[in-house]
Structures are given as structure tokens and as C-alpha cells.
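In: Provided below are the primary sequence and the corresponding predicted coordinates.
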Amino acid sequence: MIASLFNKSRPINYVLIGLMLVVFYFLYLTKDLSWTGQYHQIAEKIVFLGVLTASVFLVRFITKRNGLSKDNSYAAFFFAVFLILFPTVLVNTNVILSNFFLLLALRRLVSMQSMITPKEKIFDASLWIFVATVFHFWAILFLVLVFISVIFHVSGDYRNWIIPFIALFAVGTLFLMTVLLIDHSLMDFVQHQIRVSFDFTYFENTFQNVALAFFSSVAVLFFATQLLSLSNRPLNMQSSYKKIIFTFLLGVGIYVLSADKNNSFLMFTFFPLAVFGTNFLESQENKWVKEGVLGTIVVVALIIFFGQL
């Protein structure tokens with residue numbers, strides 16, 4: 001069964017997750033084969049597949065390294081299944097890149113609980129968030145998480161509050177140099193993203209509507225159980241779980257604010273929900289509940305995916 005298979009962290013599990021991602025990625029690309037006639041587009045598709053694969057394994061690295069889950073493969077598997085549930089993510093290159101850089105930022109912010117080199121971690125996280133903002137402007141909301149992390153761990157040193165602005169200066173300078181020397185259209189690209197839209201009537205087909213409704217139900221279940229179990233977490237881990245909760249809320253905020261809205265913007269919530277889902281399964285003593293929940297999510301994801309091909 002699925003839950004039993006991914007209950008342990010074994011190399012074969014990650015091979016299966018990687019193969020699953022490759023297969024479904026190229027299956028979805030068969031909707032439009034115009035890219036196969038140009039070598040640079042083929043190379044581009046392979047690069048973005050690599051970024052998606054790296055994102056999946058970053059999810060696993062963050063959860064394992066920071067003790068957010070037990071020794072299993074659930075988080076990486078959840079993240080991959082969410083990609084299948086919302087296949088429009090697979091072709092939204094800006095969201096893929098922005099989310100990847102946010103994961104790099106989260107890797108540094110979550111690890112601040114160790115109190116090892118906090119200033120470097122604040123700078124690195126801020127830097128990656130501003131880079132993510134270049135690809136999707138509303139990723140800048142995650143700067144809130146930097147200051148939350150400062151409050152949780154190192155609020156007593158005033159220099160820690162200034163570090164994000166140093167990162168902003170560094171990224172801003174490099175961006176302006178790129179605009180002036182290489183590509184003037186980058187400024188127009190970013191300005192185009194600095195818009196707010198609350199139009200949720202974007203669905204191209206019924207499957208996208210069903211996918212959002214199903215995902216919302218799963219998200220409420222996982223988020224509620226995470227909140228209810230927060231007080232039972234070890235005291236030294238509560239700040240990390242709180243940061244994951246804020247990550248989810250900020251991801252929802254990006255989806256709500258983004259213009260030209262579509263389901264792919266929900267990718268910013270995939271990582272925290274993968275952690276919530278993992279914790280939910282770990283808390284279940286009845287293996288049939290685990291199999292039922294995970295199996296239902298997988299079956300629905302497959303139906304919705306193939307319904308959109």
C-alpha cells in the first residue's frame with residue numbers, strides 16, 4: 001500500500017518519486033508538442049524539470065534536517081502529488097523558479113532554531129526571497145517570515161533587523177545593473193506583476209474547479225490538525241512549526257493577491273501542506289486511516305490530471 005511504501009526513508013522511494021515526476025511532467029507537456037521542434041526549448045523543459053526535482057528533494061532535506069518529520073518519505077511524496085493535482089504548475093516557469101528560491105530561503109529560516117550563525121541565515125534567506133520576488137512579485141510577502149524568525153530567535157540584537165535591507169540593496173543593485181546593461185524588458189516584467197486581483201473566476205475547465213475544492217478541503221484538514229497539535233510539540237520545536245504555519249498563510253496570501261490568477265499559484269502552499277500532511281499521517285495509529293487518506297489524495301490527483309490532458 002502507498003502509506004506503507006513511503007513510511008520509511010529509503011533510496012528506492014526517492015527514485016520512485018523522481019520517476020513519477022518525470023513521467024507526469026512529460027505527459028502534461030504532450031498537450032502541446034511545439035516545443036519539441038526547437039533545441040533550446042527542449043533544453044529549457046529539461047532545466048525546469050531539474051528545478052522541480054530539486055524542489056522535491058529540498059522539501060525532504062528541510063523536513064529531515066530540522067526534525068519536522070520522522071524518518072519517512074511522506075513530505076516529498078505529498079509535494080509531488082500536489083504537482084500532479086495542479087498540472088498547470090508544471091508549465092508556469094516563473095512560479096517554479098520563485099518557489100524554488102523561497103524553499104532555499106525557508107531552509108535557512110527554519111534552521112535558525114540551532115542559533116548557529118543567525119546573521120548569515122537572515123541575510124541568505126532575505127537574499128533568496130528578493131530573488132524569488134524578481135520572478136513573482138508577491139513572493140515578497142515572505143519577508144514577513146524573516147522578521148518573525150528574528151522575533152523568535154534573535155530580536156535582542158538591532159543589527160538583525162537591518163540585515164534584510166542590506167540584502168534588498170544587494171539584489172536591487174544587481175537587478176538594476178541587469179536591466180540597464182542587458183535586458184530593459186525585465187523592469188516591465190516586474191512592473192506587470194505588481195498588481196492585485198481578487199478575480200477567482202479563472203477556471204478553464206471543471207477539473208480545475210474540482211481540484212481547488214478538493215485541495216482546499218485537504219488543506220483545512222491538515223492545517224486544523226497542525227494547529228490543534230502545536231501545543232503538544234516539544235518546546236524547542238514549536239517555533240519551527242509556527243514558521244511552517246506562517247509559511248502556509250503567506251502562501252495563501254500570494255495566491256489571493258496575484259493577478260492573472262490560476263491554480264499554479266497554489267504551489268507556494270505545497271511545502272507547508274506537505275509538512276502538515278506528513279505530521280497528520282504520523283499521528284494516525286490506524287494504518288487504514290493512513291492508507292485511506294493518502295490513497296484518496298493520489299486517486300483524485302490522478303483523475304484530475306488525466307482529465308486535463
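Out: Nice, thanks for sending it over. Numbering: from 1, shown residues only.

In: all strands of the stretch 201-309 of the chain, in order?
Out: Listed from the start of the chain, the stretch 201-309 of the chain has no strands (DSSP state E, counting those that start in this stretch) to report.

In: What segments of it are helices?
Out: Per DSSP state H, counting those that start in this stretch, the stretch 201-309 of the chain has helices spanning 206-229, 235-257, 270-283, 287-307. These are given in chain order.

In: Any regions of this structure where pLDDT drops low?
Out: For the chain, the stretches flagged by pLDDT under 70 are 183-184, 186, 189.

In: what about the residue lying closest to Met115 once chain neighbours are set aside, neighbour count?
Out: Nearest-residue entry for Met115: His153, 6.5 Å, with adjacent residues in sequence omitted and distances by Cβ to Cβ, 6 or more residues apart in numbering. Heads up, the C-betas are built off the backbone N, CA and C, glycines and all. By the other Cβ atoms under 10 Å criterion, the neighbourhood of His153 contains 18 residues.

In: need the helices of the stretch 201-309 of the chain in CSV with distance to Lys64 and mean neighbour count, can you?
Out: Converted to CSV, the helices of the stretch 201-309 of the chain look like this (distance: least, Cβ to Cβ, whole Å; neighbours: other Cβ atoms under 10 Å):
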stretch, distance to Lys64, mean neighbour count
helix 206-229, 18, 16
helix 235-257, 13, 18
helix 270-283, 11, 24
helix 287-307, 19, 16
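
In: and Ala3, which of the ones you listed is closest to it?
Out: If you check each of those against Ala3 by Cβ to Cβ, helix 287-307 wins as the nearest, at 3.9 Å.

In: how close does the residue lying farthest from the centre of the chain sit to Glu291?
Out: Each residue of the chain has a distance to the centre, and by Cα atoms, centre = their mean the biggest one is for Leu181: 32.0 Å. Using Cβ to Cβ, to the nearest Å, one gets 56 Å for the distance from Leu181 to Glu291.

In: In contact with Gln41, which residues are there?
Out: Gln41 makes contact with 34-35 under the criterion Cβ atoms under 8 Å, 6 or more residues apart in numbering.

In: what's next to stretch 52-69, contact-wise?
Out: Applying Cβ under 8 Å, 6+ apart, the set of residues contacting stretch 52-69 is 9, 14, 17-18, 21-22, 25, 71, 73, 75-76, 79-80, 83, 90, 96, 99-100, 103-104, 106-107, 110-111, 113, 237, 240-241, 244, 270-271, 274-275, 278-279, 282.

In: Now it: buried residues?
Out: Buried positions in stretch 52-69, judged by neighbour count with 16 or more other Cβ atoms under 10 Å: 52-53, 55-56, 58-60, 62-64, 66, 68-69.

In: Stretch 130-149 now?
Out: Burial within stretch 130-149, assessed by neighbour count using 16+ other Cβ under 10 Å, is assigned to 130-143, 145-146, 148-149.

In: In helices, which of those residues fall?
Out: Counting by DSSP state H, the buried residues of stretch 130-149 place 130-135, 143, 145-146, 148-149 in helices.

In: Other residues contacting the one helix or strand Phe26 maps to?
Out: For Phe26, the element it lies in under DSSP states H and E is helix 11-29. In this structure, residues lying in contact with helix 11-29 by Cβ under 8 Å, 6+ apart are 5-6, 35, 45, 49, 52-53, 56-57, 60, 73, 76-77, 80, 83-84, 87, 90-91, 305, 308-309.

In: Among those, which are located in helices?
Out: Counting by DSSP H, the contacts of helix 11-29 place 5, 45, 49, 52-53, 56-57, 60, 76-77, 80, 83-84, 305 in helices.

In: for those, which one is nearest Leu168?
Out: Distances from these to Leu168 were compared by Cβ to Cβ; the smallest belongs to Leu52, at 27.8 Å.

In: From Phe24, how far out is the closest one?
Out: 10 Å.

In: Likewise for Leu302?
Out: Here the distance between Leu302 and Phe24 works out to 9 Å (Cβ to Cβ).
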